[in-house]
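Mind looking at a prediction? Sequence and model below.
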Amino acid sequence: MLNTSTVKPTARQLAFQDWEFGLFVHFGLRTFYEGYADFDERPMSPEAFRPDGLDCEQWIRSAKEAGMQYAVLTAKHHDGFSNWPTAYSSFSVAASPWKDGKGDVVGEFVAACRKYDVKPGLYYSPFDGSADFYAADAKSYDDYFVNQITELLTDYGDIDILWFDGCGSEGHEYDWPRIIREIRRMQPNILIFNMGDPDFRWVGNEDGIAPVPCWNVVDSTDFSILTEEKEKLDGPLWLPAECDVQMRSNWFYSEHDEHTLKSRDELVGLYYQSIGRGCNLLLNIGPDREGLLPAPDVDRLKELGKEIERRFGSPVATLEQCERNGNQWIYRTDTAHLLDHIVVQEDLTEGEFIRSYKITIITSKSHRAETVYEGRNIGHKAIIRLPAVKVRGVILEVTEADREPAIRSLSFHYAGE
């Protein structure tokens, strides 16, 4: 186990962890090419890019209504098509007939985020299939990389997340010191995903599932879905994990995958296995060829938001009704009631110290203390789901900790069926 007792998060990292739930938006030229896959060698023309009904406010309004607090748009995916009118490539929205070449998806996306108070993030693929000098001239490509990132970070105001996808970059050397220096100079508060100088990391799969336990401090990161190789870090770093997953079987819109739309129950399960294990959840929906989130996906997203609110929006009791006795937090009730969820958050301001804990209930009839759950890390959030049980009290006990444990939040819930 890593020695993590001296590793602390930044205020921005703690803020990111509080955002918890975000919308991933895969949209671009590939949206208009049915059946194309990552690194597809078939050509694509900007002539096909015609999202005549584009409504980024519909995207972000739907996200907000579901309880999402941030959103990440593919500004440029692996194919290299730029969703903004970049000066450094002819392969962009400016070469399309959409709005007579004067459109800007990135601009409309960021404006919608600001309108609905959702944190804007931009996905940028370091690999670029449209740049014929990518492999042949690494220095020229680094110039191109920095120039495009400069446009994204100077033309649209504050951007909260820069999301780097390592897929396709296996074996390629970027001038990360230069790239990161420029990013941090332009936007010191930006959060970088997984590459270069990361502030948060990929969980290591595209299934939306965090492992147990999932610690906030790591000394390596998973690099790409195409390799088992890990990127070694310069010692232990605070890098909270984010779980990304698709609403359907494809990242980009397809005419033929509506039958793969995840059910509400599966999405709730992913919520437990990501946010409920202390990670963020980034759920992808691919806008259609009009430029709208498909109606079935929006309906399912709203169902998920309503179910999360139903389960966790009205706690029976909270930390305020508890008393502390050493490493125990004790809740007592005069009237026995049903319980099926406990939500606990460690105070991570000074770091992550809790290594194991247990939940004990005071039974309704016999008033006996019975342990019903044992866990490892709590981290940002642990959602403990129990078979419904009638209780007269609950004891949260930290059984192992590196330092004096601190609990930020504790709540008790009964959701029923």
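That came in fine, so what should we check first? Numbering: from 1, shown residues only.

which residues of this structure fall in helices?
11-19, 56-65, 105-115, 138-154, 176-186, 264-273, 295-312 (DSSP state H).

I'd like to know which of these lies nearest to residue 28.
Residue 28 sits nearest to helix 105-115 of all the helices of the chain, at 7.9 Å, using Cβ to Cβ. Placement of C-beta: from N, CA and C, glycine included.

now what about the closest one, what contacts it?
25, 27-28, 51, 54, 56-57, 59-61, 71, 73, 75, 83-84, 93, 118-120, 122, 152, 155-157, 159 (Cβ atoms under 8 Å, 6 or more residues apart in numbering).

quick revisit: now render the helices of the chain as TSV, adding distance to residue 401, mean neighbour count and mean pLDDT.
Output for the helices of the chain, formatted as TSV (distance: least, Cβ to Cβ, whole Å; neighbours: other Cβ atoms under 10 Å; pLDDT from 0 to 100):
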stretch	distance to residue 401	mean neighbour count	mean pLDDT
helix 11-19	19	17	98
helix 56-65	36	21	98
helix 105-115	38	21	98
helix 138-154	40	17	97
helix 176-186	34	15	98
helix 264-273	24	17	98
helix 295-312	26	17	98
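
With distance to residue 279 as extra columns, can I get the ones you listed in JSON lines?
Formatted as JSON lines, the helices of the chain follow (distance: least, Cβ to Cβ, whole Å):
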{"stretch": "helix 11-19", "distance to residue 279": "9"}
{"stretch": "helix 56-65", "distance to residue 279": "18"}
{"stretch": "helix 105-115", "distance to residue 279": "22"}
{"stretch": "helix 138-154", "distance to residue 279": "26"}
{"stretch": "helix 176-186", "distance to residue 279": "24"}
{"stretch": "helix 264-273", "distance to residue 279": "9"}
{"stretch": "helix 295-312", "distance to residue 279": "15"}
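
Retrieve the pLDDT associated with the nearest residue to residue 85 once chain neighbours are set aside.
Spatial nearest neighbour of residue 85, chain neighbours left out: residue 94 (3.9 Å); criterion: Cβ to Cβ, 6 or more residues apart in numbering. In this prediction, residue 94 carries a pLDDT score of 98.

residues contacting residue 94?
Contacts of residue 94 by Cβ under 8 Å, 6+ apart are 85-86, 101-102.

Then residue 173?
The neighbourhood of residue 173, defined by Cβ under 8 Å, 6+ apart, consists of residue 138.

mind checking how far the one residue sitting closest to the centre of the chain is from residue 163?
Compute the mean C-alpha point of the chain, and by Cα atoms, centre = their mean the closest residue is residue 282, 3.5 Å away. Noted for residue 282: a distance of 9 Å to residue 163, by Cβ to Cβ, to the nearest Å.

try residue 39
Residue 39 is 19 Å from residue 163, by Cβ to Cβ.

More neighbours: these two, which one.
Neighbours per residue, other Cβ atoms under 10 Å: of residue 39 and residue 163, the larger number sits with residue 163, 24 against 12.

what pairs with the more buried one across the strands?
residue 123, residue 193 (DSSP bridges).

shift numbering so it begins at 726
Will do, 726 is the new start, and the previous item becomes residue 888.

Verify the stated contact: residue 741 with residue 926.
No - applying Cβ atoms under 8 Å, one finds residue 741 not in contact with residue 926, separated by 11.4 Å.

which neighbours do those two share?
Common neighbours of residue 741 and residue 926 (Cβ under 8 Å, 6+ apart) are residue 965.

Least confident secondary structure element in the chain?
strand 955-963 (a mean of 89; mean pLDDT, DSSP states H and E).

Just the C-alphas of that one, formatted as CSV.
Output of strand 955-963 as CSV, limited to C-alpha atoms (Å, rounded to 0.1, in the frame of the first residue of the first chain):
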residue,chain,number,x,y,z
LYS,A,955,0.5,2.0,-17.2
GLU,A,956,2.1,5.5,-17.1
LYS,A,957,4.4,5.7,-14.1
LEU,A,958,4.1,9.0,-12.1
ASP,A,959,6.9,10.8,-10.3
GLY,A,960,5.8,9.5,-6.9
PRO,A,961,2.4,9.3,-5.3
LEU,A,962,-0.1,11.9,-6.5
TRP,A,963,-3.7,12.9,-5.6
